[in-house]
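Colleague: build the 3D model from these lines:
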Amino acid sequence: MSKYTDLAMERRRSFSADGRPLWNCCQSVVSVFAQDAGYDEAACMKAATYFRGGMQVGSVCGAITGGLMALGLAGLDDSEIANGFLRHIRSRHDGLMNCRDLLRVNAERGGEKMPHCNAMICECIGHVEQILRENGKLP
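Modeller: Numbers count the residues shown, from 1 in each chain. Below you'll find the predicted structure:
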């Protein structure tokens, strides 16, 4: 684990009154990179609000979306980098990227939602870190 994944997992241990994590998957990924990229974390949190649960309709996983947001915040405006990030994630998840599909397959394999989502968050953060290091955006 890294300081980024540690912070994200610390935040995921806080829950709202209805039992949902206070930090959704997208927020958990993008927010941990905000300060290092020179952005206000609170603004990033607000921008990522509606990207939970695959934009609330089961579309692209929020952790994946947060990863793309983090790469953009770092100033990486290169479709090859973004596509490489997406290829990497798809290669590890049977070609899937949608929240609905990822959760369905996880459930079919006997997995629970929260550990699956936390694993996706850690995976996306880890790959973002690698890309940022390779591109001179992190030491």
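
Colleague: residues contacting the most centrally placed residue in the chain?
Modeller: Nearest to the mean C-alpha position of the chain, by CA atoms, centre = their mean, lies Ala63 at 2.3 Å. Residues in contact with Ala63 (CB atoms under 8 Å, 6 or more residues apart in numbering) are Cys25, Cys26, Ser28, Val29, Cys117, Met120, Ile121, Glu123, Cys124. Glycine gets a C-beta too; all of them are placed from N, C-alpha and C.

Colleague: what about the last one, neighbour count?
Modeller: Per other CB atoms under 10 Å, the neighbour tally for Cys124 reads 29.

Colleague: what sits up against the strand or helix carrying it?
Modeller: Take DSSP states H and E as the rule and Cys124 turns out to sit in helix 113-134. Residues outside helix 113-134 that contact it (CB under 8 Å, 6+ apart): 1-2, 4-5, 8-9, 12, 21, 25, 28-29, 32-33, 61, 63-64, 66-67, 70-71, 74, 76, 81, 84-85, 88-89, 92, 102-103, 106-107, 138-139.
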